Structures are given as structure tokens and as C-alpha cells.
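**Q** kindly generate the corresponding structure for this input.
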Amino acid sequence: MTLTHDDIKMAYRAILGRLPSDAEIIDTSNRHADLPSVRSTFLNSAEFKNAFEKAQKIQLRDRPPTLIHLHIPKTAGTTIAEALSNSEHLKPNLIIHDADIGMLRSLPQSQRRALRYIRGHLSHGVGETLGFPYRYLCLIRRPGPRIFSFYQFIRRTRTHPAFQTLNAKPMNFGDYLEFSQENIPHRMELDNGQIRRIAGAFDHNSIGREQQILKEAMQKALDPLLLFGFVEKIDTFLARLVEEGYLPTTDIRPHNVSPTSEEYQTSLDSLTQHQRNIFDNYTAWDTYFYEVCLQLLHIDTEFASPIR
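**A** Numbers count the residues shown, from 1 in each chain. Presented below is the predicted three-dimensional model:
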């Protein structure tokens, strides 16, 4: 079939989004015998590639950011995650943790970009590798009750990998603190684990670098891309999620409600001096971070909400 000038004009409009000059029509006619040849050349041209990339950037710029939930264990994460994952405009969503982040990066680009909510035990830095707009969400909690609650959670959760370890010869809280010093995965959760996750430094190489990590965590906590809140003031945080359109209501069902403050204090009083030193070291930088964030973000220190 003879290639006509009208065919060439149609190809320019359909593929390159513009009309050709007379010189381009003549040149294309001389170099191509049929329309499939023209189409193949145009689709592989730098002009088409540049136009496609520009259109993608516009599309990404206009789409709502994907919400990435940095779920620090025992910070009301399950409660918040269930409510958010049930929101229609946050579907599809994905549960993934730091150890499996390579799987997320390996997803086809179209599937990855379709995700509206990503949640799991994640550290700051996930969003920067995904190639599309994102926004972080994170809650923090007073460090002492958090790590005690983490210990209690393992003790009562049969599906937890460390359940047998802590229950075979029952470890009290002090025993668990000592055990964690030689067990890196547990130590990373307990030893100022909140600033490590928020700073994006959740690995054993960060031990001993807490002062620098604190500075990095402070910078990220004040970033407008981070929806940041406190477990002890969860009602205020839920109200913000409703205000920003992430939740339809603040009336959500709590999960994994923590032990009472009496249990916590009794366990602290039972610690040996060595165990107390471990506890103090594990909570020192997280406590400083927590208190400074309260002041910088102007959050009332009189808390009424139950610890979750």
C-alpha cells in the first residue's frame, strides 16, 4: 500500500502529537515505504521518548501520593493500619517489611505505581527508591512502655518467631533485656529503635552512632512529607487523618491493647542494677527524641488516651 502524505500527517499527530513540516513529510516519504515502518521509527525516536517521559511526570505530579506507613512495633500500628487499609481510596495496599523491600522494588512499575498504601515494619528511605510521589506516616511512643509492651507481645503471641525462646524457660523483662544484647534483631527493636527507624538507620552498624542518628531523626520528624504523631495522643492523630481525608471517622477499633502501667512499673522495680543500666541505655536517645518532638510540635503533655 502506497504511503501518502495524509498517512504521514496522521502518524505525526497520533504518535508525536504534532503536525509535520513540509520538509519532514518529504523526508519521511523518501525514507519509508509503508505506515508500519513510519510507526516503528517514531516509537523508537528520541522525540517520542521525551514526550512520553514528560507525560509520565505530569501524570505522577497530579496523582495523590502513596501513603507509606513506617510501623514501629507497639505504636498502635495494627490499629491504624487496619483502619487505613479498609479505606477505599487507599486500595490497593501492600504489607511489606524492611527485610523484603527488594520484592517491592522488583514489582512491575505499573503495579508498584498503582499502590495507594504501603505498610509494615519499615524504615525511612523506602519512598525515595520507588519513583513516584509518596508521603510517610509514623507514630512514636514513650520508649519504656514501648519496649516492655514489645516483650509482652512476644510472650503471648504463639506465632511470633521468638515465642518459644522467651517461654521455654520463661524470661522476665530483665532476662529479655540481657538476652537482647547478644541478639541483634531484638536489640535493634529495643535499643532506641524509634530514632533508628525514623532516621533510616535500622541496622547493627548504627549502634554507637546514636547522636548522629538523633539529628537525622529530628530532621525527618519535622519534614512536611511525614504525618507524625504520638500514641499517647492518638485521638489527635486520628483527627488529623480524618481532616486530611485518609479516614472517614476517628471511631476505630483498637488492637493489641497493652498491659497496665502497674505491670510495667512492677517489672521495672524487679530489674537488677545491670538490667536497669541496659534499660536506661536502650531508652535514653528515644526519650530525648520523644520529649523534644513534644515541644517542637506543641503537643499537650497531659495524655488521656489509652496506650495501645
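**Q** show me the shaky parts of the protein.
**A** Residue ranges of the chain with pLDDT under 70: 1, 52-63, 255-260, 298-308.
**Q** show me where it has its strands.
**A** 66-70, 93-95, 117-120, 134-140, 226-230 (DSSP state E).
**Q** quick one: the last one to strand 134-140, angle?
**A** I take that to be strand 226-230. Angle of strand 226-230 versus strand 134-140, following axes from the mean of the first three to the mean of the last three Cα atoms, to 10 degrees, is 10 degrees.
**Q** quick revisit: turn the strands of the chain into CSV, columns for mean neighbour count.
**A** Yep, even glycine has a C-beta here, placed from its N, CA and C like the rest. Output for those, formatted as CSV (neighbours: other Cβ atoms under 10 Å):
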stretch, mean neighbour count
strand 66-70, 25
strand 93-95, 17
strand 117-120, 22
strand 134-140, 22
strand 226-230, 21
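**Q** got a markdown table for these, with distance to residue 174 too?
**A** Conversion of these to a markdown table gives the following (distance: least, Cβ to Cβ, whole Å):
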| stretch | distance to residue 174 |
| --- | --- |
| strand 66-70 | 29 |
| strand 93-95 | 33 |
| strand 117-120 | 30 |
| strand 134-140 | 24 |
| strand 226-230 | 27 |
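**Q** any buried residues in the longest helix seen in the chain, and which?
**A** Ranked by residue count under DSSP state H, the longest helix found in the chain is helix 273-296. By 16 or more other Cβ atoms under 10 Å, the buried positions in helix 273-296 come out as 275, 278-279, 282-283, 285-290, 293-294.
**Q** which one of those residues sits closest to residue 66?
**A** residue 293 (24.4 Å; Cβ to Cβ).
**Q** distance of the closest one from residue 140?
**A** 7 Å (Cβ to Cβ, to the nearest Å).
**Q** the stretch 101-250 of the chain: helices as residue ranges?
**A** 101-106, 109-114, 143-156, 163-168, 173-181, 184-190, 193-199, 210-221, 234-243 (DSSP state H, counting those that start in this stretch).
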